[in-house]
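A.B. asks: have a look; sequence and predicted model below, questions after that.
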Amino acid sequence: MSGGAPREGGGSAPLSSGGSRGSENPFATELNRRLGRLAQWTAASEALAVELPTLPPWAIEAATRSRSPEPWAEVVRGVERLAQRRLAEAFDRWQERMSARIGRLEAYAVDSRLERGQIEDALHAAKTGDLAQALAIYHQVERVVALKERHLDQARAELERLVAFLRDLEALGLVDRGEPSQVAAELERELRSMRLASLKARLRQLRSQAVERANEALPECVARLGDPLVGDRRTGARTVDEARELATAARAVVVGRVEEGIRRLRTFQEARGLAPGPRPGEAGHGA
């Protein structure tokens, strides 16, 4: 008898609604639909880092050949329920992670009420079985929050870069003592109020002023740092490497790599154990 043997060319591929096998087992069409939905869930679940259960190929083949499909229908329903439960749990974990990210944004006065509402909508959709809607909301929230985080992180990076530049100038005696800390506190207030447009304008203004100050003070600063080298050379000490480093730092400022040049000058000063020069307004400054 050959009625129960697998036909040539058979396998775990989804079956069409037509053909003899579909007529033998009316559950085949419904099975194909459910397997397709599980495949869509599995593909979409990758973003949530969750692994969903699937039917092995042999079970699919057995289900499509069975003359009593109801037990297999119950198996498929069980797989669907398990997949749905795992996705719902993954959405709960996502809510916790996203709440922390949104909390950080709200600490900087970023309005995220819409995203919080959308997260609740996604959880509700996941728990009621509308996983396509839940995943669509998930991707929307992820895009918007990531964009807000990028704007915030860019502003903070620019702020920290400017403050680091001012601290290098402070170490060299080119700005008043404490000025970088005052500027940092002022800019932090701007950032926490999320006035990004005014913050960026203020950053550009302060950087322009700092670059101008660095360029004006460069000759005097290089002369001050170079004077000990002249004395060392008179005593026969080798100063070629130090002179080259000082020249490299000065050149970086001249050609427009001002932060790099000032950082090199600070490193040179600290490596030689030299004191900062007189600060603006102090006796000897600019003399």
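C.D. replies: Perfect, I can see it now.

A.B. asks: got the domain ranges for the protein?
C.D. replies: Taking automatic domain parsing as the criterion, the chain consists of the domains 18-85, 151-272.

A.B. asks: can you tell me which of those has the worst average pLDDT?
C.D. replies: Looking at the domains of the chain, the lowest mean pLDDT belongs to domain 18-85 (a mean of 78).

A.B. asks: before we move on, the earlier item: between the domains of the chain, which gets nearest to Ala109?
C.D. replies: For Ala109, the closest of the domains of the chain is domain 151-272, at 4.2 Å, according to Cβ to Cβ. From N, CA and C alone the C-beta is placed, and that goes for glycine too.

A.B. asks: what's the closest of the domains of the chain to Ala136?
C.D. replies: Within these, the stretch nearest Ala136 is domain 18-85; the backing value is 9.2 Å (Cβ to Cβ).

A.B. asks: rebuild the domains of the chain as CSV, extending it with distance to Asp130 and mean neighbour count.
C.D. replies: What follows is these, written out as CSV (distance: least, Cβ to Cβ, whole Å; neighbours: other Cβ atoms under 10 Å):
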stretch, distance to Asp130, mean neighbour count
domain 18-85, 10, 15
domain 151-272, 32, 16
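
A.B. asks: can you put the ones you listed in JSON lines and add distance to Ala126?
C.D. replies: Putting the domains of the chain into JSON lines (distance: least, Cβ to Cβ, whole Å) gives the following:
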{"stretch": "domain 18-85", "distance to Ala126": "8"}
{"stretch": "domain 151-272", "distance to Ala126": "28"}
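
A.B. asks: between those domains, which one is closest to Gly129.
C.D. replies: Taking the domains of the chain one by one with Cβ to Cβ, domain 18-85 is closest: 6.0 Å.

A.B. asks: ok now the closest one, how far from the chain's centre?
C.D. replies: 37 Å (Cα atoms, centre = their mean, to the nearest Å).
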